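> predicted model and sequence below, questions to follow.
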Amino acid sequence: MAELNAAASDPNHASASIHEALMHPYHMPERLPPRLDRTLAYWRGLLRKAAPMPFWDDLVPGDMADLQADVFTLEVFDKPERFRFGLVGENLEACCIGEVEGLFLGEDRLPEPFGFLLSQASATIESAVPTLHRSDGKMAYSRLLLPMWGEGRIGLVLGVIDRS
């Protein structure tokens, strides 16, 4: 929203910013908070040769030890498209009432920091690129989603939450 407001006040900036925001609602900024940047670097480090995204079987959550409490995975099902929580870090479990692991998105209303997660996950699958959601509400946070390939499709999404 801030980008759209800035675009409205600067006519030279307006068309590019509005176009970018309308083309991809969860676009990645040039710079990320350090924790999210480290996660993105880990994801990029898993890339094989010229592949556009890593394979999910290369993911080793223990390799992200300092971030593991804020990491989660979403298993992706198609026809119909659905997402189910796989791994959920302890900091994220603590913010929810009850266990989140194994829940399908849309089954229950989830608290922050999971607002708009279903739409962001769908946008991540549709665009096949990393996506970012930011919330400046009572509980400010940023959430990075990273698609992962396997069995001929995007089958897993790696997510991380940053509250700094």
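Thanks, I have it.
> so the residue nearest to the spatial centre of the chain is in which element?
The chain has Leu145 as the residue nearest its centroid, 1.8 Å off, counting by C-alpha atoms, centre = their mean. Using DSSP states H and E, Leu145 maps to strand 141-150.
> quick one: that strand to chain centroid distance?
For strand 141-150, the separation from the chain centroid amounts to 4 Å (computed by C-alpha atoms, centre = their mean, to the nearest Å).
> stretch 111-121 too?
9 Å.
> and for stretch 102-122?
11 Å.
> show me the strands in the chain, by range?
Assigned by DSSP state E, the strands in the chain fall at 71-77, 82-88, 131-135, 141-150, 153-162.
> ok, back up a step: the residue nearest to the centre of the chain contacts Ala121, correct?
Yes: in this structure, Leu145 is within contact of Ala121 by C-beta atoms under 8 Å, at 6.3 Å. Every C-beta, even on glycine, is put in place using the N, C-alpha and C of the backbone.
> and for the two, which residues touch both?
Shared contacts of Leu145 and Ala121 (C-beta atoms under 8 Å, 6 or more residues apart in numbering): Leu74, Val157.
> verify the stated contact: Pro130 with Trp43.
Yes: with contact defined as C-beta under 8 Å, Pro130 reaches Trp43; the gap is 7.3 Å.
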